[in-house]
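Chemist: everything below, folded, please.
(one chain, ligands or ions: 1)
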Amino acid sequence: MQYLQKLKQFANSLLNEVSKKQETKLSKKKEIPSQFQIWRFYFKFMKIDWRGFFIVNLNFIICSLILAYEPFLMIGIKESLQEQNYSEVKYLLFWFVACQIIEQILHFQELQYYFNTSDLARQRIQKSILEHLFSLDIQFFEDNKVTYLSNIVQEGAEQITSEISYGKFTKICTQYAEIISQLIFIYCQSTQIFLLISIIAIIGAIINLAINKKKQDSEKKTDFQNEYKIFALDDIITNIHLIKIFKKEQNEIENLTQIINQNSKNQNQIEYLKQLKYLIRNFCFHAMKLGIILLLVIQGLEESQNKKIIVNSLADILVYSYSTILLSKEVSKLIISKPAKYYHKKYKYIGKVMRLFQVQPKIKDNQTAIQNNQPIQYLQGSIKFENVNFKYPLSTDSFFKPKKSVNQDSEIDSDNSDSESSLSECSQQINSSNSLDGCDAQHTQDQDKLINEQDQDQLQRKYVLQNINFEIKPGQLVAFVGMSGSGKSTLVKLIERYYDVEEGVIMLDDKNIKDIPLNDLRGSIGLVNQEPSLFDNDIEYNITYGCQDGKYTQQELRQICDVSGVSEFVFDEQRFPEGLKTLVGSKGIKLSGGQKQRIAIARALMKKPSILILDEATSSLDAQSEHLVQKYIDQLMGYRGITIIVIAHRLSTIAKSDVIYVMENGEIKEHGNHSQLISQNGVYKRLVYHQIQIQDS
Ligand SMILES: Nc1ncnc2c1ncn2[C@@H]1O[C@H](COP(=O)(O)OP(=O)(O)OP(=O)(O)O)[C@@H](O)[C@H]1O
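Modeler: Numbering: from 1, shown residues only. Below is the predicted model:
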């Protein structure tokens, strides 16, 4: 019996293993879409310009018919000349000129359409990608690098546009038609020359195919390395202050140089293969030329009556044989471009765009919320947590995250996946002797192991919040305090629905937050966090960004600047001569931490929220400014009944709160007002005692 059970377990684990491996293989394939998949994707998500599509393709067909007909017109002219039939010559010449004119007009029209439609298509694709990207959850942006995503938007749109050129398919058909018509023409002249050209073209195409395969492998490696390069550069430039303060410039330059050098080895190989292809093409051409001349001489000697025709056609044959060789390149390209073999650079981003569209937001309006969706209605501001337990979900939609090494024994923690460690792992892999062959092969093995690991990880993950129960009434000032990492900011993220709880319920105005339209929910909450982010624009833009409808009066703006402490520095003509129009620089680099926080507070107030969350928002303010903000908060509470949640380490900030919740290891340990908590002689009192001790010392 036991033996049978063991056997069943073993069979199950084997089945799991196989299905997971299949999933991995499928997901790898998904990155390299076929032409058919690209078109299907385009039909599904983008709008096709049927008029442009029809005109471009019709032009191609007419042009290819003209091209196929031209050699026969030329033969006709030549024969009529020989027969001295001048009226026929005139007639044929008229058609020849007409063909040339029609061809030029159609080409011109096609070019015009190409520019207009490709530009429009690019804009449309970019807009669709952005719309989809903005609909995704915050977790997706926490798991993926900004540089990488902006690359997908830009490069993806560009590459899809070039791949979905309306005349692409007809163009390929035209090329085939050209090759076939030329071969027919040559065949009509001489079967032997036709055979010679065909054999050399086929051999050339096969060699070309082999070289292209090798070239694509190198390009694949280069793509892989380029991604590391983007990450490395991104990480280094973002942390430039850190690098300078630790005097690591030289180390970083060396690291980067190593990555770039590795890349140049592959680039050289690609260049070498390109040259080789060119050499082979040239060799084939010369071999054909030589072969044709030899055949002509031999045939000329053997068949004197055919000699004239063949010799007269020599120039045509040479011209067409050359273009046939050039076109054989296109044929080989087409053979190589089988869907499964696509991994050319231009397909890389298309695959990523398609994968991006497969990622769907998990946090969205449910059916009840959709029915409730009316123009934004502000909430009253009561908040209730009932038996909430929460752990962060594992990321599954990471696009290019250099994975955690499977050999690493360290405990699985979200902090481990940070960019610095990942980057160093990658550069270590790149620098290792196996280089990217090893990196690539290991990537596949790692993926299999990672799928198993991720399942385990999610089960083993610790709860960040446990058994959270509390109720905040509208207009209350409530504070959350506790040691670093106790889960205070996580709690705020849950109120904003950046993450959804799976155990327990969060109620706002007695409604489950999952039933409130996201627009209403987020539109009613003002958030100021520890690291305020500002747009690279002027101060006024940054403050009024919070304005829901974009409408505000200068008086209103001035009032908010006064109460948030912005007026204190922004209207100082010596330091800020341009006042509210002062540019703040990238991420507000031209402002002090305190100034940035005051702007962020003003921005949140401009939103006229029902719930204001200050997550360490006043940590960079001096005591006087903090007092000023506090005064405004008191005013605001009385005036609009706004609910305020404050998270602060500096306990003096929260002493006046109606209720203080004390958190430890993801649990609420105590609650009450300041004096109640002091009398409890528990965690809060210890925290206050520690702070007083630190201040005294
Ligand atoms: N996006 C995330 N993914 C996974 N884990 C996270 C994420 N954000 C935070 N954590 C983890 O959740 C725990 C609680 O973090 P949180 O930021 O809520 O603490 P906190 O009490 O606000 O700390 P602090 O006072 O230092 O800001 C920490 O262990 C942290 O590592």
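
Chemist: now Y499. Nearest residue, chain neighbours left out?
Modeler: Once flanking residues are discounted, Y499 sits nearest to K493: 5.7 Å by Cβ to Cβ, 6 or more residues apart in numbering. All C-beta atoms are positioned from the backbone trio N, CA, C, and that covers glycine.

Chemist: average pLDDT for the helix or strand where that neighbour lies?
Modeler: Per DSSP states H and E, K493 falls inside helix 488-495. For helix 488-495, mean pLDDT rounds to 91.

Chemist: that helix packs against which elements?
Modeler: strand 383-390, strand 465-472, strand 477-482, strand 503-508, strand 611-615, strand 643-647 (3 or more Cβ pairs under 8 Å, 6 or more residues apart in numbering; DSSP states H and E).

Chemist: in JSON lines, list those strands along with mean pLDDT.
Modeler: Formatted as JSON lines, those follow (pLDDT from 0 to 100):
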{"stretch": "strand 383-390", "mean pLDDT": "92"}
{"stretch": "strand 465-472", "mean pLDDT": "92"}
{"stretch": "strand 477-482", "mean pLDDT": "90"}
{"stretch": "strand 503-508", "mean pLDDT": "91"}
{"stretch": "strand 611-615", "mean pLDDT": "89"}
{"stretch": "strand 643-647", "mean pLDDT": "90"}
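
Chemist: got CSV for those strands, with mean neighbour count too?
Modeler: As requested, the helices and strands packed on helix 488-495 are exported to CSV (neighbours: other Cβ atoms under 10 Å):
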stretch, mean neighbour count
strand 383-390, 18
strand 465-472, 18
strand 477-482, 24
strand 503-508, 18
strand 611-615, 24
strand 643-647, 24
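
Chemist: distance to L583 added to those, as JSON lines?
Modeler: Shown next, in JSON lines, are the helices and strands packed on helix 488-495 (distance: least, Cβ to Cβ, whole Å):
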{"stretch": "strand 383-390", "distance to L583": "38"}
{"stretch": "strand 465-472", "distance to L583": "39"}
{"stretch": "strand 477-482", "distance to L583": "35"}
{"stretch": "strand 503-508", "distance to L583": "37"}
{"stretch": "strand 611-615", "distance to L583": "26"}
{"stretch": "strand 643-647", "distance to L583": "31"}
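
Chemist: distance check, the residue nearest to Y499 against P517.
Modeler: For K493, the distance to P517 equals 19 Å [Cβ to Cβ, to the nearest Å].

Chemist: closest to I560 out of the helices and strands packed on helix 488-495?
Modeler: With Cβ to Cβ as the criterion, I560 lies closest to strand 611-615 of the helices and strands packed on helix 488-495, at 12.7 Å.

Chemist: what about that closest one and the ligand, touching?
Modeler: No. Strand 611-615 is not in contact with the ligand by Cβ under 6 Å from any ligand atom; minimum separation 7.3 Å.

Chemist: identify the residue spatially nearest to the residue nearest in space to the middle of the chain, adjacent ones excluded.
Modeler: In the chain, the centroid-proximal residue (Cα atoms, centre = their mean) is L149; its distance is 2.9 Å. Nearest residue to L149, sequence neighbours excluded (Cβ to Cβ, 6+ apart): L133, at 6.7 Å.
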